[in-house]
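> What would the 3D arrangement of this be:
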Amino acid sequence: MKKLLIFIIGLPCSGKSTVASKIAEKYGFIPFSTEAVRAEFLAGERDKKEDCDFTPEQHKLVYGEIIKRARRILDSGRSVIIDGVYRSEAQRGEVFSLLDEYKGETPALCYWLTCAETETVRRLIKRKTEGTIAPAGIEGYKKISKEFAEPRLDIFKKLDTTEGTENILPLIYGDIASRFN
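Numbering: from 1, shown residues only. Prediction:
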(Lines give C-alpha, C1' and ligand atoms only; values in the text may rest on other atoms or scores of the structure.)
Protein backbone atom coordinates (compact mmCIF):
# COMPACT_ATOMS: atom_id res chain seq x y z
CA MET A 1 0.00 0.00 0.00
CA LYS A 2 1.22 3.49 -0.82
CA LYS A 3 1.74 5.94 1.99
CA LEU A 4 -0.60 8.79 2.74
CA LEU A 5 -0.53 11.86 4.99
CA ILE A 6 -3.81 12.91 6.58
CA PHE A 7 -4.06 16.28 8.35
CA ILE A 8 -7.11 16.85 10.59
CA ILE A 9 -7.76 20.20 12.27
CA GLY A 10 -10.62 21.72 14.22
CA LEU A 11 -11.66 23.23 17.51
CA PRO A 12 -11.40 21.23 20.75
CA CYS A 13 -13.82 18.29 20.98
CA SER A 14 -14.69 18.37 17.28
CA GLY A 15 -13.81 14.67 16.91
CA LYS A 16 -10.28 14.94 15.49
CA SER A 17 -8.68 12.23 17.61
CA THR A 18 -11.74 9.99 17.38
CA VAL A 19 -11.63 10.15 13.58
CA ALA A 20 -7.84 9.70 13.54
CA SER A 21 -8.07 6.60 15.76
CA LYS A 22 -10.79 5.06 13.57
CA ILE A 23 -8.69 5.63 10.45
CA ALA A 24 -5.61 4.23 12.20
CA GLU A 25 -7.55 1.17 13.34
CA LYS A 26 -8.99 0.48 9.88
CA TYR A 27 -5.85 1.12 7.80
CA GLY A 28 -2.92 0.76 10.19
CA PHE A 29 -1.85 4.39 9.78
CA ILE A 30 0.20 5.99 12.57
CA PRO A 31 -1.70 8.80 14.35
CA PHE A 32 -0.06 11.80 16.02
CA SER A 33 -2.27 13.98 18.19
CA THR A 34 -1.16 17.34 19.55
CA GLU A 35 -3.05 16.48 22.77
CA ALA A 36 -1.07 13.28 23.29
CA VAL A 37 2.31 14.81 22.45
CA ARG A 38 1.54 17.85 24.62
CA ALA A 39 0.62 15.54 27.52
CA GLU A 40 3.87 13.63 27.00
CA PHE A 41 6.15 16.68 26.68
CA LEU A 42 4.46 19.03 29.12
CA ALA A 43 3.52 16.58 31.86
CA GLY A 44 2.44 18.58 34.88
CA GLU A 45 2.10 21.81 32.90
CA ARG A 46 -1.59 21.13 32.22
CA ASP A 47 -2.29 21.27 35.98
CA LYS A 48 -0.69 24.71 36.15
CA LYS A 49 -2.51 26.11 33.12
CA GLU A 50 -6.06 27.30 32.92
CA ASP A 51 -7.96 26.38 29.80
CA CYS A 52 -4.95 25.16 27.84
CA ASP A 53 -3.23 28.55 27.72
CA PHE A 54 0.13 27.28 26.54
CA THR A 55 2.91 29.58 25.39
CA PRO A 56 3.93 29.94 21.74
CA GLU A 57 7.19 28.18 22.66
CA GLN A 58 5.27 25.21 24.05
CA HIS A 59 3.10 25.04 20.94
CA LYS A 60 6.23 25.18 18.77
CA LEU A 61 7.84 22.36 20.78
CA VAL A 62 4.79 20.13 20.40
CA TYR A 63 4.18 20.89 16.71
CA GLY A 64 7.88 20.47 15.92
CA GLU A 65 7.95 17.07 17.61
CA ILE A 66 4.91 15.93 15.65
CA ILE A 67 6.58 16.93 12.37
CA LYS A 68 9.77 15.10 13.37
CA ARG A 69 7.84 11.93 14.23
CA ALA A 70 5.67 12.14 11.12
CA ARG A 71 8.72 12.56 8.88
CA ARG A 72 10.35 9.48 10.47
CA ILE A 73 7.23 7.37 9.81
CA LEU A 74 6.77 8.66 6.25
CA ASP A 75 10.44 7.95 5.54
CA SER A 76 9.87 4.36 6.69
CA GLY A 77 7.14 4.03 4.05
CA ARG A 78 4.12 4.17 6.35
CA SER A 79 1.11 6.47 6.42
CA VAL A 80 0.57 9.20 9.02
CA ILE A 81 -2.36 11.06 10.53
CA ILE A 82 -1.73 14.42 12.24
CA ASP A 83 -4.53 15.84 14.34
CA GLY A 84 -4.71 19.03 16.36
CA VAL A 85 -6.40 22.41 16.66
CA TYR A 86 -3.76 24.25 14.58
CA ARG A 87 -5.69 27.48 15.13
CA SER A 88 -3.66 29.75 12.82
CA GLU A 89 -2.16 29.59 9.36
CA ALA A 90 1.24 30.05 11.01
CA GLN A 91 0.73 26.95 13.15
CA ARG A 92 -0.37 25.00 10.07
CA GLY A 93 2.74 26.14 8.21
CA GLU A 94 5.03 23.32 9.34
CA VAL A 95 2.51 20.71 8.27
CA PHE A 96 2.13 22.45 4.92
CA SER A 97 5.93 22.38 4.56
CA LEU A 98 5.84 18.64 5.29
CA LEU A 99 3.09 18.21 2.68
CA ASP A 100 5.23 20.09 0.15
CA GLU A 101 8.31 18.04 1.04
CA TYR A 102 6.51 14.75 0.30
CA LYS A 103 4.24 16.08 -2.46
CA GLY A 104 5.53 13.93 -5.29
CA GLU A 105 5.55 10.67 -3.37
CA THR A 106 2.87 11.01 -0.70
CA PRO A 107 -0.71 12.04 -1.38
CA ALA A 108 -2.35 14.16 1.32
CA LEU A 109 -5.88 14.57 2.60
CA CYS A 110 -6.79 17.57 4.76
CA TYR A 111 -9.94 17.80 6.87
CA TRP A 112 -11.45 20.55 8.98
CA LEU A 113 -13.86 19.09 11.51
CA THR A 114 -16.56 21.36 12.88
CA CYS A 115 -19.16 20.89 15.59
CA ALA A 116 -22.03 22.98 16.95
CA GLU A 117 -21.05 24.86 20.12
CA THR A 118 -23.80 23.24 22.21
CA GLU A 119 -22.51 19.77 21.33
CA THR A 120 -18.91 20.84 21.91
CA VAL A 121 -19.79 22.08 25.40
CA ARG A 122 -21.55 18.78 26.11
CA ARG A 123 -18.43 16.88 24.99
CA LEU A 124 -16.13 19.08 27.09
CA ILE A 125 -18.24 18.47 30.20
CA LYS A 126 -18.31 14.74 29.49
CA ARG A 127 -14.52 14.61 29.09
CA LYS A 128 -14.00 16.51 32.31
CA THR A 129 -16.36 14.16 34.17
CA GLU A 130 -14.62 11.10 32.72
CA GLY A 131 -11.16 12.50 33.45
CA THR A 132 -9.98 11.95 29.88
CA ILE A 133 -7.53 14.23 28.13
CA ALA A 134 -9.32 17.49 27.44
CA PRO A 135 -7.58 20.23 25.50
CA ALA A 136 -9.55 23.05 27.07
CA GLY A 137 -12.34 23.84 29.46
CA ILE A 138 -15.36 25.76 28.24
CA GLU A 139 -13.62 29.12 28.66
CA GLY A 140 -10.55 27.79 26.86
CA TYR A 141 -12.74 26.51 24.04
CA LYS A 142 -14.37 29.94 23.68
CA LYS A 143 -10.95 31.64 23.62
CA ILE A 144 -9.60 29.22 21.03
CA SER A 145 -12.74 29.51 18.89
CA LYS A 146 -12.28 33.31 18.73
CA GLU A 147 -8.64 32.88 17.67
CA PHE A 148 -9.27 30.05 15.19
CA ALA A 149 -8.61 31.09 11.60
CA GLU A 150 -10.86 29.23 9.22
CA PRO A 151 -8.72 27.19 6.85
CA ARG A 152 -8.75 27.50 3.10
CA LEU A 153 -11.51 25.34 1.66
CA ASP A 154 -9.44 24.66 -1.45
CA ILE A 155 -7.10 22.70 0.83
CA PHE A 156 -9.37 21.41 3.60
CA LYS A 157 -12.58 19.45 3.27
CA LYS A 158 -15.02 20.75 5.90
CA LEU A 159 -16.94 18.03 7.75
CA ASP A 160 -19.52 18.51 10.54
CA THR A 161 -19.35 16.11 13.49
CA THR A 162 -22.24 17.55 15.52
CA GLU A 163 -24.21 14.33 15.03
CA GLY A 164 -21.11 12.23 15.73
CA THR A 165 -18.18 11.02 13.69
CA GLU A 166 -19.73 7.84 12.28
CA ASN A 167 -21.53 9.73 9.49
CA ILE A 168 -18.34 11.30 8.12
CA LEU A 169 -16.11 8.21 8.27
CA PRO A 170 -17.49 6.68 5.04
CA LEU A 171 -16.62 9.92 3.22
CA ILE A 172 -13.08 9.84 4.56
CA TYR A 173 -12.71 6.12 3.84
CA GLY A 174 -13.82 6.83 0.26
CA ASP A 175 -11.21 9.58 -0.06
CA ILE A 176 -8.52 7.20 1.22
CA ALA A 177 -9.60 4.45 -1.17
CA SER A 178 -9.48 6.89 -4.10
CA ARG A 179 -5.87 7.77 -3.26
CA PHE A 180 -4.86 4.11 -3.39
CA ASN A 181 -6.59 3.18 -6.66
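> This protein: helices as residue ranges?
16-27, 34-41, 45-48, 56-75, 89-101, 117-130, 138-147, 169-180 (DSSP state H).
> for the fourth one, packing partners?
By that I understand helix 56-75. strand 30-33, helix 34-41, strand 80-84, helix 89-101 (3 or more CB pairs under 8 Å, 6 or more residues apart in numbering; DSSP states H and E). (C-beta placed from N, C-alpha, C; glycine too.)
> Out of the helices of the chain, which one sits most buried?
Counting by mean count of other CB atoms under 10 Å, helix 16-27 has the highest mean neighbour count of these, with a mean of 19.
> what does that helix contact?
Defining contact as CB atoms under 8 Å, 6 or more residues apart in numbering, one finds that helix 16-27 is touched by 1, 6, 8-10, 29-31, 33, 35-36, 79, 81, 83-84, 111, 113, 161, 165, 168-169, 172-173, 176.
> avg pLDDT for it?
Per-region confidence: helix 16-27 scores 96 on mean pLDDT.
> do stretch 148-158 as well
Mean predicted lDDT for stretch 148-158 stands at 95.
> do the same with stretch 123-133
79.
> List the contacts of it.
By CB under 8 Å, 6+ apart, stretch 123-133 touches 12, 13, 35, 36, 39, 115, 134, 136, 137, 138, 141.
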